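**Student:** Provided below for reference: sequence and predicted model.
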Amino acid sequence: MKIGFFDSGIGGITVLHDAVKMMPNVDYIYYADTDNVPYGKKTKEEVRHFVFDAVDFIVSQGVKAIVIACNTATSVAIRDLRTRYSIPIIGMEPAVKPAVEKNRDASKRVIVTATDLTLKEEKLQNLIDKLDNEHIVDLLSLQELVTFSERFDFSEETAMPYLKRQFSKYDLNSCDTVVLGCTHFTFYRNMIKSLLPEGVDIIDGNQGTVKNLKKILEGLNLQGEGSGNITFYNSGRKVEDEKQLTAYMGLLRRLD
Ligand code: DGL
(Lines give C-alpha, C1' and ligand atoms only; values in the text may rest on other atoms or scores of the structure.)
Protein backbone atom coordinates (compact mmCIF):
# COMPACT_ATOMS: atom_id res chain seq x y z
CA MET A 1 0.00 0.00 0.00
CA LYS A 2 1.23 3.45 -0.96
CA ILE A 3 0.47 6.68 0.91
CA GLY A 4 1.14 10.10 -0.59
CA PHE A 5 2.68 12.99 1.32
CA PHE A 6 2.54 16.46 -0.14
CA ASP A 7 4.14 19.79 0.72
CA SER A 8 5.30 22.90 -1.09
CA GLY A 9 8.86 21.77 -0.34
CA ILE A 10 10.83 19.90 2.31
CA GLY A 11 8.66 20.85 5.32
CA GLY A 12 6.39 17.82 5.02
CA ILE A 13 9.42 15.57 5.55
CA THR A 14 9.03 16.39 9.24
CA VAL A 15 5.60 14.71 9.15
CA LEU A 16 6.72 11.87 6.88
CA HIS A 17 9.43 11.16 9.40
CA ASP A 18 6.86 10.50 12.13
CA ALA A 19 4.77 8.42 9.72
CA VAL A 20 7.68 6.13 8.80
CA LYS A 21 8.35 5.57 12.49
CA MET A 22 4.71 4.88 13.34
CA MET A 23 3.88 2.91 10.17
CA PRO A 24 7.00 1.20 8.81
CA ASN A 25 4.98 -1.32 6.79
CA VAL A 26 3.74 1.17 4.24
CA ASP A 27 5.41 2.58 1.11
CA TYR A 28 5.42 6.35 0.67
CA ILE A 29 5.46 8.91 -2.07
CA TYR A 30 6.79 12.31 -1.04
CA TYR A 31 5.94 15.14 -3.42
CA ALA A 32 7.67 18.50 -2.90
CA ASP A 33 6.42 21.26 -5.18
CA THR A 34 9.91 22.70 -5.47
CA ASP A 35 9.08 24.70 -8.62
CA ASN A 36 6.55 26.76 -6.70
CA VAL A 37 7.79 26.98 -3.11
CA PRO A 38 7.24 29.15 -1.03
CA TYR A 39 3.46 28.96 -1.01
CA GLY A 40 3.20 31.37 1.90
CA LYS A 41 4.23 34.30 -0.29
CA LYS A 42 1.77 33.51 -3.08
CA THR A 43 -1.92 34.28 -3.49
CA LYS A 44 -4.63 31.87 -2.46
CA GLU A 45 -5.63 31.35 -6.12
CA GLU A 46 -2.06 30.53 -7.17
CA VAL A 47 -1.60 28.04 -4.34
CA ARG A 48 -4.92 26.32 -5.03
CA HIS A 49 -3.88 25.80 -8.65
CA PHE A 50 -0.49 24.31 -7.62
CA VAL A 51 -2.10 22.04 -5.04
CA PHE A 52 -4.69 20.60 -7.45
CA ASP A 53 -1.98 19.86 -10.05
CA ALA A 54 0.21 18.16 -7.46
CA VAL A 55 -2.57 16.12 -5.88
CA ASP A 56 -3.82 14.99 -9.33
CA PHE A 57 -0.34 13.63 -9.96
CA ILE A 58 -0.08 11.91 -6.56
CA VAL A 59 -3.52 10.29 -6.96
CA SER A 60 -2.45 9.00 -10.42
CA GLN A 61 0.34 7.04 -8.68
CA GLY A 62 -2.25 4.80 -7.03
CA VAL A 63 -1.97 5.99 -3.41
CA LYS A 64 -4.63 4.90 -0.91
CA ALA A 65 -4.60 8.17 1.04
CA ILE A 66 -2.86 11.55 0.96
CA VAL A 67 -1.50 13.67 3.77
CA ILE A 68 -1.39 17.34 2.90
CA ALA A 69 1.66 17.92 5.06
CA CYS A 70 1.39 21.67 4.59
CA ASN A 71 -0.69 24.03 6.71
CA THR A 72 -0.79 26.63 3.93
CA ALA A 73 -2.13 24.23 1.28
CA THR A 74 -4.63 22.82 3.78
CA SER A 75 -5.93 26.25 4.66
CA VAL A 76 -6.72 27.19 1.05
CA ALA A 77 -7.70 23.89 -0.55
CA ILE A 78 -8.67 21.08 1.83
CA ARG A 79 -12.42 21.39 1.44
CA ASP A 80 -12.26 21.25 -2.37
CA LEU A 81 -9.71 18.44 -2.36
CA ARG A 82 -12.08 16.30 -0.33
CA THR A 83 -14.86 16.91 -2.84
CA ARG A 84 -12.61 16.19 -5.79
CA TYR A 85 -11.16 12.83 -4.67
CA SER A 86 -12.72 9.78 -3.08
CA ILE A 87 -9.61 8.62 -1.16
CA PRO A 88 -9.00 9.99 2.37
CA ILE A 89 -7.26 13.38 2.37
CA ILE A 90 -5.71 14.27 5.71
CA GLY A 91 -4.93 17.94 6.24
CA MET A 92 -2.95 19.92 8.81
CA GLU A 93 -3.85 23.01 10.75
CA PRO A 94 -1.99 24.92 13.47
CA ALA A 95 -2.52 23.22 16.85
CA VAL A 96 -4.42 26.19 18.32
CA LYS A 97 -6.91 24.05 20.23
CA PRO A 98 -4.55 22.22 22.62
CA ALA A 99 -2.54 25.41 23.13
CA VAL A 100 -5.54 27.55 24.04
CA GLU A 101 -7.14 24.90 26.26
CA LYS A 102 -3.93 24.46 28.19
CA ASN A 103 -3.60 28.18 28.89
CA ARG A 104 -7.14 29.42 29.30
CA ASP A 105 -7.03 29.49 33.11
CA ALA A 106 -3.37 30.27 33.48
CA SER A 107 -3.86 33.63 31.68
CA LYS A 108 -0.65 33.05 29.80
CA ARG A 109 -0.27 33.81 26.12
CA VAL A 110 0.00 31.60 23.06
CA ILE A 111 2.05 32.55 19.99
CA VAL A 112 0.84 30.90 16.78
CA THR A 113 3.52 30.94 14.11
CA ALA A 114 2.70 30.25 10.44
CA THR A 115 3.35 31.43 6.89
CA ASP A 116 2.10 34.79 5.63
CA LEU A 117 -0.72 33.17 3.66
CA THR A 118 -1.91 30.90 6.48
CA LEU A 119 -2.04 33.93 8.79
CA LYS A 120 -4.14 35.87 6.28
CA GLU A 121 -6.55 33.04 5.55
CA GLU A 122 -10.10 32.76 6.79
CA LYS A 123 -9.59 29.17 8.01
CA LEU A 124 -7.15 30.20 10.76
CA GLN A 125 -9.14 33.32 11.61
CA ASN A 126 -12.28 31.20 12.04
CA LEU A 127 -10.45 28.70 14.21
CA ILE A 128 -9.14 31.46 16.46
CA ASP A 129 -12.54 33.19 16.64
CA LYS A 130 -14.06 29.90 17.74
CA LEU A 131 -11.46 28.97 20.34
CA ASP A 132 -9.81 32.11 21.61
CA ASN A 133 -12.56 33.58 23.81
CA GLU A 134 -10.06 35.11 26.24
CA HIS A 135 -7.95 36.69 23.46
CA ILE A 136 -4.72 35.07 24.49
CA VAL A 137 -3.47 34.23 20.97
CA ASP A 138 -0.82 36.29 19.18
CA LEU A 139 0.14 35.64 15.56
CA LEU A 140 3.67 35.61 14.17
CA SER A 141 4.96 35.00 10.65
CA LEU A 142 8.18 33.00 10.37
CA GLN A 143 7.99 32.89 6.58
CA GLU A 144 11.74 33.31 6.05
CA LEU A 145 12.41 29.92 7.69
CA VAL A 146 10.86 28.39 4.57
CA THR A 147 13.41 30.14 2.37
CA PHE A 148 16.32 29.15 4.63
CA SER A 149 15.33 25.50 4.86
CA GLU A 150 14.66 25.18 1.14
CA ARG A 151 18.26 26.13 0.50
CA PHE A 152 19.34 23.62 3.17
CA ASP A 153 20.56 26.38 5.42
CA PHE A 154 20.09 25.21 8.98
CA SER A 155 22.90 27.34 10.42
CA GLU A 156 22.40 29.45 13.53
CA GLU A 157 24.17 32.35 11.78
CA THR A 158 21.30 32.60 9.33
CA ALA A 159 18.28 31.68 11.39
CA MET A 160 18.99 33.10 14.86
CA PRO A 161 19.11 36.83 13.99
CA TYR A 162 15.85 36.44 12.08
CA LEU A 163 14.17 34.47 14.87
CA LYS A 164 15.33 36.99 17.50
CA ARG A 165 13.92 39.85 15.46
CA GLN A 166 10.57 38.15 14.93
CA PHE A 167 10.10 36.96 18.54
CA SER A 168 11.09 40.38 19.90
CA LYS A 169 7.62 41.57 18.82
CA TYR A 170 6.14 39.87 21.90
CA ASP A 171 6.82 39.70 25.62
CA LEU A 172 8.09 36.15 25.85
CA ASN A 173 7.85 36.12 29.65
CA SER A 174 4.08 36.11 29.43
CA CYS A 175 4.07 33.33 26.84
CA ASP A 176 3.40 29.70 27.76
CA THR A 177 3.11 27.99 24.38
CA VAL A 178 4.44 28.49 20.86
CA VAL A 179 2.54 26.70 18.09
CA LEU A 180 4.51 25.72 14.98
CA GLY A 181 1.87 26.19 12.28
CA CYS A 182 4.07 25.36 9.30
CA THR A 183 5.83 22.07 8.72
CA HIS A 184 9.09 23.75 7.66
CA PHE A 185 9.45 25.37 11.09
CA THR A 186 9.99 22.03 12.85
CA PHE A 187 13.58 21.94 11.54
CA TYR A 188 14.27 25.04 13.67
CA ARG A 189 12.53 23.81 16.82
CA ASN A 190 15.72 23.71 18.91
CA MET A 191 16.78 27.20 17.86
CA ILE A 192 13.32 28.54 18.71
CA LYS A 193 13.43 26.74 22.06
CA SER A 194 16.76 28.38 22.90
CA LEU A 195 15.15 31.81 22.54
CA LEU A 196 12.23 31.11 24.85
CA PRO A 197 12.18 31.30 28.65
CA GLU A 198 12.43 27.97 30.49
CA GLY A 199 9.16 26.03 30.51
CA VAL A 200 7.61 27.49 27.36
CA ASP A 201 6.20 24.60 25.32
CA ILE A 202 6.50 24.26 21.57
CA ILE A 203 3.82 22.21 19.84
CA ASP A 204 3.18 21.19 16.26
CA GLY A 205 0.51 19.10 14.60
CA ASN A 206 2.83 16.42 13.20
CA GLN A 207 2.20 13.47 15.50
CA GLY A 208 -1.51 14.19 15.74
CA THR A 209 -1.74 14.15 11.94
CA VAL A 210 0.04 10.81 11.66
CA LYS A 211 -2.14 9.30 14.42
CA ASN A 212 -5.17 10.52 12.51
CA LEU A 213 -3.86 8.94 9.30
CA LYS A 214 -3.27 5.64 11.08
CA LYS A 215 -6.76 5.65 12.56
CA ILE A 216 -8.36 6.39 9.18
CA LEU A 217 -6.41 3.60 7.48
CA GLU A 218 -7.32 1.14 10.22
CA GLY A 219 -10.96 2.20 10.00
CA LEU A 220 -10.91 1.36 6.28
CA ASN A 221 -9.11 -1.90 7.01
CA LEU A 222 -6.14 -0.74 4.98
CA GLN A 223 -3.05 -2.25 6.56
CA GLY A 224 0.44 -1.94 5.13
CA GLU A 225 2.23 -4.52 3.04
CA GLY A 226 5.16 -2.27 2.21
CA SER A 227 8.59 -1.75 3.66
CA GLY A 228 8.85 1.96 4.43
CA ASN A 229 10.18 2.64 0.95
CA ILE A 230 10.01 6.36 -0.01
CA THR A 231 9.89 7.68 -3.58
CA PHE A 232 10.58 11.41 -3.86
CA TYR A 233 9.21 13.72 -6.52
CA ASN A 234 10.09 17.34 -7.18
CA SER A 235 7.02 18.92 -8.83
CA GLY A 236 6.19 15.66 -10.65
CA ARG A 237 9.79 14.72 -11.55
CA LYS A 238 11.14 11.61 -9.86
CA VAL A 239 14.24 12.38 -7.81
CA GLU A 240 16.95 10.02 -9.04
CA ASP A 241 19.94 12.03 -7.86
CA GLU A 242 21.49 10.18 -4.94
CA LYS A 243 22.97 13.32 -3.46
CA GLN A 244 19.55 14.83 -3.07
CA LEU A 245 18.17 11.61 -1.63
CA THR A 246 20.97 11.45 0.91
CA ALA A 247 20.25 15.04 1.89
CA TYR A 248 16.57 14.23 2.40
CA MET A 249 17.44 11.19 4.47
CA GLY A 250 19.84 13.26 6.53
CA LEU A 251 17.02 15.68 7.25
CA LEU A 252 14.85 12.82 8.49
CA ARG A 253 17.60 11.64 10.82
CA ARG A 254 18.25 15.17 12.05
CA LEU A 255 14.78 15.13 13.60
CA ASP A 256 15.59 12.30 16.02
N1 DGL B 1 5.26 23.88 4.72
C2 DGL B 1 4.23 24.78 4.51
C3 DGL B 1 3.25 24.91 5.66
O4 DGL B 1 3.14 23.99 6.45
C5 DGL B 1 4.32 25.93 3.53
C6 DGL B 1 5.58 26.72 3.45
C7 DGL B 1 5.61 27.65 2.23
O8 DGL B 1 5.69 27.09 1.12
O9 DGL B 1 5.54 28.88 2.39
O10 DGL B 1 2.56 25.87 5.79
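**Tutor:** Cool, got the structure.
**Student:** distance check, the spatially most central residue of the chain against Val112.
**Tutor:** For the chain, the residue nearest the mean C-alpha position is Thr183 (2.6 Å; CA atoms, centre = their mean). Distance, Thr183 to Val112, using CB to CB, to the nearest Å: 14 Å. All C-beta spots, glycine's among them, are computed from the backbone N, C-alpha and C.
**Student:** what does this structure put close to the ligand?
**Tutor:** 7-9, 11, 37-40, 70-72, 115, 118, 146, 182-184 (CB under 6 Å from any ligand atom).
**Student:** after the longest helix along the chain comes which helix or strand?
**Tutor:** In the chain, assigned by DSSP state H, the helix with the most residues is helix 44-60. Sequence order places strand 65-68 as the next helix or strand after helix 44-60, per DSSP states H and E.
**Student:** in a helix, Thr231, correct?
**Tutor:** No: under DSSP: H, G, I helix; E, B strand; the rest coil, Thr231 falls outside any helix and is assigned strand.
**Student:** contact partners for it?
**Tutor:** 27-30, 238 (CB atoms under 8 Å, 6 or more residues apart in numbering).
**Student:** relative to the ligand, which of those residues is nearest.
**Tutor:** Tyr30 (12.7 Å; CB to the nearest ligand atom).
**Student:** coming back round to it: are any of the contacts of Thr231 buried, and if so which?
**Tutor:** The neighbour-count test (16 or more other CB atoms under 10 Å) marks 27-30 as buried among these.
**Student:** now for those residues, which pair is the farthest apart?
**Tutor:** Asp27 and Tyr30 (10.9 Å; CB to CB).
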